[in-house]
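Chemist: From the sequence below, what's the structure:
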Amino acid sequence: MASSLTCAGVVWAFLSFLCAAASCVGFFMPYWLLGSQLEKSVSFGTFRRCSYPVRDESRQMTVMVEQCGRYASFQAIPSAEWRICTVVTGLGCGLLLLVALTALMGCCVSELISRTVGRVAGGIQFLGGKCSCGEGMGV
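Modeler: Reported below is the predicted structural model:
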């Protein structure tokens, strides 16, 4: 198999794939926020939740459902901000996977990714990571 990537490009491709996989797993898991409600441990993410309250009409009280699941519909997500977060994060994870899989294909197919494109993509990833990390630290 011919490769269009240098050794650094191969390492970048595999690290990009690992980061994309970790981001997608984090997106699909419901453990973004953890807490307790009605003396039960609860957690939820953008479109999944675990241990959530429901109204039991037969007993006229709120009970906790101790299982994980998705929201019944897109509109059932608690707020507009969480809906926007779901869409943006989902699109971001999809793009991450697309770039990472293309980079991995560059390991096996010659002339798929040029050196210039690989260097520019790596530089953009590096700068994006530095910018997002710097914002949280007041830099």
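
Chemist: got a pLDDT number for the closest residue to M105 other than its chain neighbours?
Modeler: Nearest in space to M105, with sequence neighbours left out and distances taken as Cβ to Cβ, 6 or more residues apart in numbering, is L112 at 5.9 Å. C-beta coordinates here come from the backbone N, C-alpha and C atoms, glycine included. On pLDDT, L112 comes in at 72.

Chemist: for L18, same thing?
Modeler: 90.

Chemist: top helix in this structure by residue count?
Modeler: As assigned by DSSP state H, the longest helix anywhere in the chain is helix 80-106.

Chemist: distance between it and the chain's centre?
Modeler: Here the centre of helix 80-106 is set off from its chain's centre by 7 Å, with Cα atoms, centre = their mean, to the nearest Å.

Chemist: what's it packed up against?
Modeler: In terms of contacts (3 or more Cβ pairs under 8 Å, 6 or more residues apart in numbering; DSSP states H and E), helix 80-106 is packed against helix 7-28, helix 115-136.

Chemist: What number of residues are in the vicinity of the residue nearest to M105?
Modeler: L112 is flanked by 17 other residues according to other Cβ atoms under 10 Å.

Chemist: do W12 as well
Modeler: W12: 21 neighbours (other Cβ under 10 Å).

Chemist: measure it to L95 for me?
Modeler: According to Cβ to Cβ, to the nearest Å, W12 stands 16 Å off from L95.

Chemist: ok, now P53?
Modeler: From P53 to L95 the distance is 35 Å (Cβ to Cβ).

Chemist: Looks like M105 contacts E111 (just checking).
Modeler: No - with contacts counted by Cβ atoms under 8 Å, M105 stays clear of E111, the gap being 11.4 Å.
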